[in-house]
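In: Model the following, please.
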Amino acid sequence: MKVGVVGVGYVGLVTAACLADSGIDVTCVDNNAQKVQDLNDGVIPIYEPGLTEIVQGARTSGRLCFTTSLKEAVDTSLVLFIAVGTPSAADGSADISAVLSVAEEIAGLMNGYRILITKSTVPVGTHKKVSEVVAAKTSHPFDYVSNPEFLKEGSAVDDFMKPERVIIGATDPKVQEIMRHLYAPFMRRGNRMIVMDPASAELTKYAANCMLATRISFMNELSMLCEKVGADIELVRGGIGSDSRIGNSFLFAGVGFGGSCFPKDVRALIYTGDGHDCPMTIVKAVNDVNHRQQERFAKRIIDFYEPQARQTTLAVWGLAFKARTDDIRESPAILCVDRFLEAGISVKACDPEAMQTAQSHFGDTITFCPDYYDTLDGADGLVVMTDWQQFRNPDFERIAQSLNRPVLFDGRNLYEPSYVEEMGLEYHCLGRTHSPQCTLLS
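Out: Below you'll find the model as predicted:
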């Protein structure tokens with residue numbers, strides 16, 4: 001079987017590389033000529049652990065190629081994945097214009113039967129729109145499959161290679177069988193493919209992301225209450241996470257969620273519900289809490305330094321929205337740094353992977369440091385924004401000695417308050433009160 005993947009962004013590139021690694025011949029298409037050239041030169045445009053090695057191996061074997069020619073992919077491929085972006089429109093809806101445009105182009109190039117698979121995250125009803133667009137453009141037979149991705153940035157390769165589930169939205173048994181064959185190499189430990197209709201598959205993707213976002217916002221809102229009533233959010237997390245009906249995933253309080261998926265998908269589900277006269281009241285609250293948590297964290301730091309904010313320099317550790325990625329899209333760190341700059345605070349920042357992407361946002365308005373300890377020199381406090389592994393057990397004595405004022409604001413609750421304070425730092429955390437010396441953000 002030969003496969004085409006249209007779009008070499010995060011989802012498309014991981015999908016293409018992993019399929020090629022399983023032995024399938026994959027043609028990857030993108031209309032960005034420079035990106036295609038870079039990939040053919042061995043330059044991977046995103047940071048994702050393990051991806052570079054897989055791409056290089058698949059290219060060397062000849063199973064993976066990159067091109068700007070959609071015709072090349074359509075001519076040679078039975079199966080065509082659509083993995084282009086679906087960004088938020090101004091009204092919060094998912095903009096599927098790129099998906100529809102690619103589907104129309106594919107239809108115009110078809111010379112026989114093809115299976116079109118939407119890997120992009122798309123709202124319910126997209127399967128009908130794509131099918132209508134294709135049918136209007138070609139007389140050749142085709143089938144449509146909704147195959148939403150469930151890849152976590154930072155572990156996307158493992159997620160694809162060892163999936164918890166693969167959702168297939170297709171009603172034709174023959175198409176379902178082709179999809180089973182396509183994903184068979186990744187099902188050796190057991191069949192984890194779930195087959196359903198396309199509408200249910202589309203909604204499953206949004207429901208999954210919004211459920212996870214709900215857990216995060218719920219814990220963040222609880223952290224606010226913990227500060228008011230003298231409870232400890234970490235102890236609460238352990239207590240509820242031990243319940244098998246709840247589990248302990250996505251229960252960490254912090255500065256809020258970001259990235260390319262959760263914020264966008266939360267907004268899109270809200271829009272879909274409003275459009276069908278079925279308000280998503282819980283999801284709206286999730287969105288509100290997330291914004292409030294980020295603004296709250298930034299404001300408390302700014303207020304701490306008033307009225308000397310304009311004479312203040314902060315060290316910031318982490319700019320990516322989470323560890324193990326260079327993605328800064330809707331990162332709480334970016335919002336907070338923007339607020340610091342608006343208040344006149346100077347910023348020295350370091351991130352293991354995201355500084356190049358962050359520079360496109362900040363330009364020369366902040367100072368980028370190659371080593372995270374370099375950010376401390378001349379700084380009046382440290383703000384930890386991303387849970388990178390190397391930030392989890394730093395030299396607290398060095399931090400205290402290097403800062404002009406030994407203050408640490410922890411946006412991820414990475415540290416034990418009493419230990420940090422013993423090392424000579426004033427520690428500001430989220431929703432923790434068990435340390436009597438801990439100054440809390442309220």
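In: Next, give phi and psi for residue 98.
Out: The phi/psi pair for residue 98 (degrees, to the nearest 10) reads phi -70, psi -40.
In: show me where the stretch 201-350 of the chain has helices.
Out: 233-241, 262-275, 281-305, 332-342 (DSSP state H, counting those that start in this stretch).
In: Give me the neighbour count for the nearest residue in space to residue 330 that is not next to it in sequence.
Out: Excluding the flanking residues, the one nearest residue 330 by Cβ to Cβ, 6 or more residues apart in numbering is residue 258, at 4.2 Å. Placement of C-beta: from N, CA and C, glycine included. Neighbourhood size, residue 258 [other Cβ atoms under 10 Å]: 23.
In: How about the contacts made by residue 258?
Out: Going by Cβ atoms under 8 Å, 6 or more residues apart in numbering, residue 258 touches 321, 322, 329, 330, 331, 332, 333, 334.
In: can I get those in TSV with neighbour count?
Out: Output for the contacts of residue 258, formatted as TSV (neighbours: other Cβ atoms under 10 Å):
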residue	neighbour count
321	26
322	21
329	19
330	20
331	29
332	27
333	28
334	22
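In: Between which two of these is the distance greatest?
Out: Within the contacts of residue 258, 322 and 334 form the most distant pair, 12.5 Å apart (Cβ to Cβ).
In: returning to what we had before: right, and out of the contacts of residue 258, which lies closest to residue 246?
Out: For these, the nearest to residue 246 is residue 322 (21.8 Å; Cβ to Cβ).
In: Look at the closest one and report its pLDDT.
Out: Looking at residue 322, its pLDDT is 97.
In: As a check, name the ranges of all strands in the stretch 1-150 of the chain.
Out: For the stretch 1-150 of the chain, applying DSSP state E, counting those that start in this stretch gives strands covering 2-6, 25-29, 64-67, 79-82, 114-118, 142-146.
In: Need those strands in JSON lines (columns: mean neighbour count).
Out: Putting these into JSON lines (neighbours: other Cβ under 10 Å) gives the following:
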{"stretch": "strand 2-6", "mean neighbour count": "25"}
{"stretch": "strand 25-29", "mean neighbour count": "25"}
{"stretch": "strand 64-67", "mean neighbour count": "21"}
{"stretch": "strand 79-82", "mean neighbour count": "26"}
{"stretch": "strand 114-118", "mean neighbour count": "25"}
{"stretch": "strand 142-146", "mean neighbour count": "22"}
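In: Generate a markdown table for those, with mean pLDDT and distance to residue 176 as supplementary columns.
Out: Formatted as a markdown table, the strands of the stretch 1-150 of the chain follow (pLDDT from 0 to 100; distance: least, Cβ to Cβ, whole Å):
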| stretch | mean pLDDT | distance to residue 176 |
| --- | --- | --- |
| strand 2-6 | 98 | 17 |
| strand 25-29 | 98 | 21 |
| strand 64-67 | 98 | 26 |
| strand 79-82 | 98 | 13 |
| strand 114-118 | 98 | 11 |
| strand 142-146 | 98 | 9 |
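In: Just send the ones you listed back as CSV, with distance to residue 154 too.
Out: Formatted as CSV, the strands of the stretch 1-150 of the chain follow (distance: least, Cβ to Cβ, whole Å):
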stretch, distance to residue 154
strand 2-6, 21
strand 25-29, 22
strand 64-67, 22
strand 79-82, 22
strand 114-118, 24
strand 142-146, 25
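In: Residue 43: which of those strands is closest?
Out: Per Cβ to Cβ, nearest to residue 43 of those: strand 64-67, 10.9 Å.
In: C-alpha coordinates for the closest one, CSV please?
Out: The C-alpha coordinates for strand 64-67 follow below in CSV (Å, rounded to 0.1, in the frame of the first residue of the first chain):
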residue,chain,number,x,y,z
LEU,A,64,9.7,8.5,2.8
CYS,A,65,9.9,11.4,0.3
PHE,A,66,8.9,15.1,0.5
THR,A,67,7.5,17.1,-2.4
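In: Could you list the low-pLDDT ranges of the protein?
Out: Where the chain drops to pLDDT under 70, the residues are 434-442.
In: Now the residue nearest to the spatial centre of it. Nearest residue, chain neighbours left out?
Out: What sits nearest the mean C-alpha location of the chain, by Cα atoms, centre = their mean, is residue 259, with 3.9 Å. Once flanking residues are discounted, residue 259 sits nearest to residue 321: 4.4 Å by Cβ to Cβ, 6+ apart.
In: pretty sure that neighbour is in contact with residue 336, am I right?
Out: No: between residue 321 and residue 336 there is no contact under Cβ atoms under 8 Å: 11.6 Å.
In: and stretch 111-120, how far from the chain's centre?
Out: A distance of 26 Å separates the centroid of the chain from that of stretch 111-120, by Cα atoms, centre = their mean, to the nearest Å.
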